[in-house]
Structure formats: structure tokens, C-alpha cells
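Peer 1: structure for the following, please:
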Amino acid sequence: MIQKSDAFVIFPGGAGTVQEMLALLILKEQRHPHMEGKPVFVFNRIDAEGRSFWNPLIDLLSTMGGRVPFTVVNDLDSLVPEIREKTRRLRPDGVVGGLYWFRRTQQADQQCAGADWRQPAMAPPSVFS
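Peer 2: Sure, this is the predicted structure:
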């Protein structure tokens, strides 16, 4: 799946999500050929109290090596434009193969019986795993 992806988006999740994120970052740090030129985005959802979901992990990773090898996006609406911008040199036509997750998002919304997972009280459904 990594070699067929144009970009990677990390949504709020649990231990499994953190494990997958760290695996991507390790491959990126090692300059693995499958990760070459492929951006990693972290959707850092802000809850009702104004806390950003991934801030503790981002802060920890920042202290370990300086620059973090991913782009933090706090607003869901700006995520797709950020992906298109960062992948433009990979795909000059502007079509990003990795946008498959966006269709999955719509399916997940329907599976949650109309619940909006973008609301602060809910994490993304496991459809993204």
C-alpha cells in the first residue's frame, strides 16, 4: 500500500494509529525508496476545550530530532488543498491517487448512522485503519 500511495494522512486514533504513524516516519527518516517525495500529514483535530489531539506526540517528536517530517493540518477543510499542493510535483495533473480516503470518509459517515465524526467528541471510525 505504501508504494501505491501519493501521500499519507494520520487522523486522530489510538495506539495502532501511533504505531502506523511511527512506522511511516521511520521509513521516511531512513529515506526508503517507497517514501521518496511522499508527504505525511497529521490532522491535529482541536477539541471543544481548544486542545489539539496530536500536540503531545508532536512535542515529543520535536525534542528528539528537531524538524518533524510531516505537515500538521488543524482544519479538515484545508487538508485536501494541502495534499494537492504538496503532491503537485509528483502528479502535475493535480489528481492525487491517495484521495481514496476521502470517499472512505463519506462511507464512514453513513456507517455511523449520520453521526459527524468531525465533531470534537468523536474520533474517526475504524474504516481508516
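Peer 1: low pLDDT regions in this protein?
Peer 2: 66, 89-129 (pLDDT under 70).
Peer 1: all helices of it, in order?
Peer 2: Listed from the start of the chain, the chain has helices (DSSP state H) covering 15-29, 55-65, 79-87, 100-111.
Peer 1: by contact count, what packs against the first one?
Peer 2: Okay, so that is helix 15-29. Counting by 3 or more C-beta pairs under 8 Å, 6 or more residues apart in numbering; DSSP states H and E, the packing neighbours recorded for helix 15-29 are strand 8-10, strand 40-43. (Glycine included, C-beta is placed from N, CA and C.)
Peer 1: give the pairing partners of the longest one; include direction for each.
Peer 2: Strands that pair with strand 40-43, judged by DSSP bridges, come out as strand 8-10 (parallel), strand 71-73 (parallel).
Peer 1: from residue 88, how far out is residue 19?
Peer 2: Noted for residue 19: a distance of 30 Å to residue 88, by C-beta to C-beta, to the nearest Å.
Peer 1: no, scratch that, I was asking about residue 20
Peer 2: Applying C-beta to C-beta, one obtains 25 Å for the distance of residue 20 from residue 88.
Peer 1: what is the neighbour count of the spatially closest residue to residue 21 that is not a sequence neighbour?
Peer 2: Take residue 21 and drop its neighbours on the chain: the residue closest to it by C-beta to C-beta, 6 or more residues apart in numbering is residue 10, 4.8 Å away. Counted by other C-beta atoms under 10 Å, the residues lying close to residue 10 total 22.
Peer 1: how long is stretch 4-19 end to end?
Peer 2: Distance between the boundary residues of stretch 4-19 (C-alpha to C-alpha, to the nearest Å) amounts to 20 Å.
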